[in-house]
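Enquirer: got a structure for you, letters missing:
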């Protein structure tokens with residue numbers, strides 16, 4: 001698994017490289033637009049809960065992804 005941080009403006013450049021798009025809670029207002037942007041692709045989009053994002057808990061963020069796969 002490879003995890004990379006990127007800005008929203010880089011999404012078009014990386015869209016064919018991703019399976020999961022985790023969005024920071026401060027960008028949750030963009031969720032609908034981001035889902036439309038990846039429509040037709042096999043990409044899961046979700047907002048990282050503030051507790052995980054604020055604590056920089058990479059293991060918990062990984063758990064979010066792993067739970068989506070089940």
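Expert: Yep, it's here. A quick note: this is a predicted structure, and the numbers were derived from the prediction, not measured.

Enquirer: what packs against the helix or strand containing residue 51?
Expert: With the criterion set as DSSP states H and E, the secondary-structure element containing residue 51 is helix 50-55. Packed against helix 50-55, as judged by 3 or more Cβ pairs under 8 Å, 6 or more residues apart in numbering; DSSP states H and E, are the following elements: helix 58-69. Where C-beta positions appear, they are placed from N, C-alpha and C, glycine not excepted.

Enquirer: Now do the contacts for the most centrally placed residue in the chain.
Expert: Centre of the chain computed as the mean C-alpha position; nearest residue by Cα atoms, centre = their mean is residue 22, 1.4 Å away. Contact partners of residue 22, counting by Cβ atoms under 8 Å, 6 or more residues apart in numbering, are 46, 47, 48, 61, 64, 65.

Enquirer: Quick check: the first one touching residue 27?
Expert: No. Taking contacts as Cβ atoms under 8 Å, residue 46 lies outside contact range of residue 27: 11.7 Å.
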